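J.: please find the sequence and the predicted model below.
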Amino acid sequence: MNTKNFDAIILNPIDNVGTSIKLLKENSNIILKIDNKLSKFTLKDKINLCHKFSLNFIDKGDKIIKYGEVIGVATADIKKGKHVHIHNIKSLRG
């Protein structure tokens, strides 16, 4: 599948974050890829290449799941479509 057909990926069906494969604009409608399926999604923030965004509402204290693994914990509530990075999560990896 050509990466021109989608903007971000979900690496595991249990993930609560998606990962951009290109620079994505604030308030943009994007195409997500999980497995070989494509779906539409609306972002709230600008998302840099390889950065994460929330796929649903994440409560403060909830685990951040990427690759099917817990990679951190939310330090604040994170609305659907918002940037997920060091400003709103604490890493649990080393």
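T.: Good, I have the coordinates. Numbering: from 1, shown residues only.

J.: now do the strands in the chain.
T.: 8-10, 17-20, 29-34, 37-42, 52-54, 63-66, 69-74, 83-84, 89-91 (DSSP state E).

J.: show me what contacts residue 62?
T.: 16, 73, 74 (C-beta atoms under 8 Å, 6 or more residues apart in numbering). C-beta: built from backbone N, CA, C; applies to glycine.

J.: can you do 10 Å?
T.: 16, 54, 70, 72, 73, 74, 77, 78, 89 (C-beta atoms under 10 Å, 6 or more residues apart in numbering).

J.: would you confirm that the second one contacts residue 74?
T.: Yes - using C-beta atoms under 10 Å, residue 54 makes contact with residue 74 at a distance of 8.8 Å.

J.: hang on, the earlier thing: could the strands of the chain go into TSV alongside mean pLDDT?
T.: As requested, the strands of the chain are exported to TSV (pLDDT from 0 to 100):
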stretch	mean pLDDT
strand 8-10	97
strand 17-20	98
strand 29-34	96
strand 37-42	96
strand 52-54	98
strand 63-66	97
strand 69-74	96
strand 83-84	98
strand 89-91	95
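
J.: can I get the ones you listed in a markdown table with mean neighbour count?
T.: Below are the strands of the chain laid out as a markdown table (neighbours: other C-beta atoms under 10 Å):
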| stretch | mean neighbour count |
| --- | --- |
| strand 8-10 | 20 |
| strand 17-20 | 23 |
| strand 29-34 | 16 |
| strand 37-42 | 12 |
| strand 52-54 | 24 |
| strand 63-66 | 18 |
| strand 69-74 | 16 |
| strand 83-84 | 23 |
| strand 89-91 | 14 |
